[in-house]
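Colleague: the amino acid sequence is not available; the structure is as follows:
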């Protein structure tokens, strides 16, 4: 199934969905299965713990956030695909970042975790048939389908790769 099969485009999530290509969801997940395909590990490693402004996350914090978000979105997708109609709450990304303790981790470790989480996400979405993909639920006060959540996963990683390229990589020239 592709992005054009999403019948209801949820507000807030649409900004991520729109970043993903209109290709089969499994292909979209596969294309971004390695964060190195978006930004080489050596490039982020060169940044170290630099931030483009006070109070902003480091590259490691961003990568951990992408991983955490993917786990949450796929959990939601699984619940909706399995026809669970329980409304699901949002989450506090700042709180997650505060307690993730990324300073003790290496970027290589985070890249490995990203790849494993994405492999798990791909397996989950391959297990869904079309009816399951189109089932909806409510999260963050928005109706959204399991399929749309898959594109949120893809687009969210792309969104943060763009932020890194535009706001963090210029720090390497300073």
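Modeller: That came through, no problem. What you see is a predicted model; the values in this text were computed from it and never measured.

Colleague: for the rest of this, base every contact and every neighbour count on C-alpha atoms.
Modeller: Will do.

Colleague: what helices or strands is the longest helix along the chain leaning on?
Modeller: Longest helix in the chain, counting residues (DSSP state H): helix 59-81. If contacts are counted by 3 or more CA pairs under 8 Å, 6 or more residues apart in numbering; DSSP states H and E, helix 59-81 sits against helix 93-98, helix 107-127, helix 130-134, strand 136-139, helix 146-163.

Colleague: which one of these is the most hemmed in?
Modeller: Using mean count of other CA atoms under 10 Å, the stretch among the helices and strands packed on helix 59-81 with the largest mean neighbour count is helix 146-163, at a mean of 23.

Colleague: let me know the average pLDDT across it.
Modeller: The average pLDDT for helix 146-163 rounds to 98.

Colleague: how far is it from where the chain is centred?
Modeller: Per CA atoms, centre = their mean, to the nearest Å, the displacement of helix 146-163 from the mean C-alpha position of its chain is 5 Å.

Colleague: try stretch 124-134
Modeller: 18 Å.

Colleague: ditto for stretch 57-76
Modeller: Stretch 57-76 sits 6 Å away from the centroid of its parent chain (CA atoms, centre = their mean).

Colleague: what comes into contact with it?
Modeller: For stretch 57-76, contacts defined as CA atoms under 8 Å, 6 or more residues apart in numbering pick out 44, 47-51, 88, 93, 96-97, 100, 102-103, 106-107, 110-111, 113-114, 117-118, 121, 124, 139, 146, 149-150, 152-153, 156-157, 160, 164, 168.

Colleague: hang on, the earlier thing: so the longest helix of the chain versus helix 107-127, what angle?
Modeller: With axes from the mean of the first three to the mean of the last three CA atoms, to 10 degrees applied, the angle from helix 59-81 to helix 107-127 works out at 10 degrees.

Colleague: kindly calculate the angle that helix 59-81 makes with helix 146-163.
Modeller: Using the same axes, to 10 degrees: helix 59-81 against helix 146-163 is 170 degrees.

Colleague: in helix 59-81, what counts as buried?
Modeller: 59-81 (16 or more other CA atoms under 10 Å).

Colleague: ditto for stretch 19-35
Modeller: If you call a residue buried by 16+ other CA under 10 Å, then stretch 19-35 has these buried ones: 19-20, 22, 25-26, 28-29, 32-35.

Colleague: how long is it end to end?
Modeller: End-to-end distance for stretch 19-35: 16 Å, by CA to CA, to the nearest Å.

Colleague: which residues sit against that stretch?
Modeller: Outside stretch 19-35, the residues that touch it by CA under 8 Å, 6+ apart are 1-4, 38, 41, 111, 114-115, 118-119, 121-122, 125-126, 147, 150-151, 154-155, 157-159.
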